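Trainee: Take a look and give me a structure for this.
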Amino acid sequence: AARQEEDAVVALPRAVKRGWLPIWRAGALAACLLLALSGGYAWRGGILDDLRSDYVTAIGAQRSIALTDGSQVILNTDSALAVGFTPDRRVARLFRGEAWFSVAHDAERPFVVETPEGTVQVTGTQFNVRIADRQAIVSLVEGNITLSSADPSPGRTDLVAGQQAVLTTDGIEAATGFDAAAVTAWQHGRIVFYQTPLKQVVDQLNRYRPGWVVVASDRLRNLRVTGIFAVKDPDEALAVIQNTLHIRIIKLTDYLAVLR
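Mentor: Reported below is the predicted structural model:
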């Protein structure tokens with residue numbers, strides 16, 4: 001049963017991301033209204049995820065979970081996971097966020113990770129799954145896994161250790177190599193960027209802090225960032241980026257800041 005594992009995580013309300021924000025100038029009004037609309041939809045989706053999950057982590061939190069079959073799962077920030085075991089199948093459903101799986105070997109009972117974009121099937125291995133922008137990024141550190149897209153037409157893809165692939169609802173992108181240390185750095189409280197576009201960096205930092213940071217111009221979105229930052233202090237990372245790239249951070253409210 002899904003709730004036999006370690007005590008479920010207590011989630012902080014995601015409503016903080018859609019809360020009414022004080023608006024003190026006309027320019028911020030339009031931005032905050034748009035943000036409230038988009039945030040409202042995200043919040044409702046988050047609540048549904050939380051209700052159907054056995055384990056939920058709050059923004060900025062992580063959690064280690066010991067499953068009854070001997071497998072281990074580490075949930076990253078703002079993640080939601082349900083687990084269900086039957087005599088012939090072990091299933092973990094990752095609704096949002098990111099998780100590291102260290103799966104106990106059982107040839108008679110495959111372990112399947114289901115995401116909105118497709119599934120990962122293993123018998124025993126170690127891998128990372130991150131859901132972002134309607135994609136599931138699967139990074140295999142040890143063993144072998146089989147990926148299946150939610151769209152059955154592309155078929156299945158097998159990965160070996162050291163390969164990474166992206167699941168989308170339209171198919172599976174070609175496997176590539178990846179930096180395992182960078183992918184798993186979050187387990188050690190760090191985020192690693194190497195020549196990463198600023199827009200992607202900000203998207204990552206937003207996962208670890210309440211509210212939103214928005215990149216205001218196309219010129220800034222493609223600026224490259226290299227560095228190692230602490231997940232516990234995303235605002236310090238933003239300050240370093242601001243000083244290094246010589247850009248401005250305009251704080252409109254406690255929950256909305258703009259890079260320009």
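
Trainee: what residue ranges in the stretch 51-200 of the chain score low on pLDDT?
Mentor: 152-154 (pLDDT under 70).

Trainee: Grab the nearest non-local neighbour of the residue nearest to the spatial centre of the chain.
Mentor: With distances taken as Cα atoms, centre = their mean, the residue of the chain nearest its centroid is Gly97 (3.2 Å). In this structure, Gly97 finds its nearest non-sequential neighbour in Ser79, 2.5 Å apart by Cβ to Cβ, 6 or more residues apart in numbering. C-betas here are computed from N, CA, C, even on glycine.

Trainee: same thing with Ile65?
Mentor: Using Cβ to Cβ, 6+ apart, the closest residue to Ile65 is Val73 (4.5 Å).

Trainee: pretty sure Ile145 is touching Phe127, no?
Mentor: Yes - Ile145 is within contact range of Phe127, at 6.0 Å (criterion: Cβ atoms under 8 Å).

Trainee: Mutual contacts of these two, please.
Mentor: 120, 138 (Cβ atoms under 8 Å, 6 or more residues apart in numbering).

Trainee: okay, the helix or strand encompassing Val141 in PDB with CA atoms only?
Mentor: Element membership for Val141, per DSSP states H and E: strand 135-142. C-alpha atoms of strand 135-142 as PDB (Å, rounded to 0.1, in the frame of the first residue of the first chain):
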ATOM      1  CA  GLN A 135       9.300  17.400 -20.000                       C
ATOM      2  CA  ALA A 136      10.700  14.600 -17.900                       C
ATOM      3  CA  ILE A 137      14.500  14.600 -17.900                       C
ATOM      4  CA  VAL A 138      15.800  11.200 -17.000                       C
ATOM      5  CA  SER A 139      19.500  10.800 -16.000                       C
ATOM      6  CA  LEU A 140      20.800   7.300 -15.500                       C
ATOM      7  CA  VAL A 141      23.800   6.900 -13.100                       C
ATOM      8  CA  GLU A 142      23.900   3.100 -12.700                       C
END
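
Trainee: check contacts around the residue nearest to the centre of the chain.
Mentor: Residues 57, 75-81, 130-131 are the ones in contact with Gly97 under the rule Cβ under 8 Å, 6+ apart.
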